[in-house]
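All I have is the shape, not the residue letters:
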């Protein structure tokens, strides 16, 4: 049967308690403090690493955003440049079209003016040639025939004048005034005398009648009253035609 030594047990218990106390005071707590310090340092390193990672992610996000902004700005700039280039091209094309239209319009107007001028010149030349040809043909017609044709026309005109107009012409020959009869060619004396007799009948027989010649009349005659002229010449007819041609050209 075992014998339990209580003193020995008590001493051993005391020794164990002292050992535990010593271990706790001089080994366990320092080790715990070291472990806690190491854990804190590791956690701090982890926190720093996480902060660095977060900062890196934020930096990457900022860089990505900046790149996106640069890309968007580049797109805007490119679009604006393309739009401006297109507007400039459209404006230049429109200006070129306007310039071309103005040039064509000016060319058309210039051609039209030159054509009208050429046509007017051709008409004037035709009139001049016609007048020259008529003068040559009339030169071959006997004077008596030419004179008879024109005096009949003059008589017919005077006889068909309204009475107030005829009386006005007759009054101009009063008080010794002279009626000048201008023909394209000089009238023979007997023909001139026949004209005097035939003109005095519608004019009442008053006033003197004198004769003169003007080759520019081409054919026919003019009655020069003191304040009026009655024209029965081809020169006056051609002048009216030229005037009408000029008026028609101005209207165009």
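Yes, it's here. Quantities reported herein were computed from a predicted structural model and do not represent experimental measurements. Residues are numbered from 1 along each chain as shown.

all helices of the stretch 1-150 of the chain, in order?
Applying DSSP state H, counting those that start in this stretch to the stretch 1-150 of the chain gives helices spanning 6-23, 29-139, 143-160.

out of these, deepest packed?
With neighbours defined as mean count of other Cβ atoms under 10 Å, those peak in mean count at helix 143-160, which reaches a mean of 14. In this view, the C-beta of every residue, glycine as well, is placed from N, C-alpha and C.

Tell me the helices and strands packed up against the helix or strand that that one is followed by.
Scanning forward in sequence from helix 143-160 by DSSP states H and E, the next helix or strand is helix 163-172. Judged by 3 or more Cβ pairs under 8 Å, 6 or more residues apart in numbering; DSSP states H and E, the packing partners of helix 163-172 are helix 189-203.

Take the helices of the stretch 1-150 of the chain and lay them out in TSV including distance to residue 220.
As requested, those are exported to TSV (distance: least, Cβ to Cβ, whole Å):
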stretch	distance to residue 220
helix 6-23	163
helix 29-139	10
helix 143-160	5
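
right, so of those, which gets closest to residue 166?
Each of the helices of the stretch 1-150 of the chain has some distance to residue 166 by Cβ to Cβ; the shortest is helix 143-160, at 6.7 Å.

Local confidence estimate at residue 25?
In this prediction, residue 25 carries a pLDDT score of 75.

So what's the residue count around it?
10 (other Cβ atoms under 10 Å).

Ok, which of the helices of the stretch 1-150 of the chain comes nearest residue 176?
Comparison of the helices of the stretch 1-150 of the chain against residue 176 by Cβ to Cβ identifies helix 143-160 as nearest, at 20.9 Å.

Now the closest one: average pLDDT?
pLDDT averaged over helix 143-160 gives 84.

just stretch 202-215 next, same as before
Averaged across stretch 202-215, pLDDT comes to 84.
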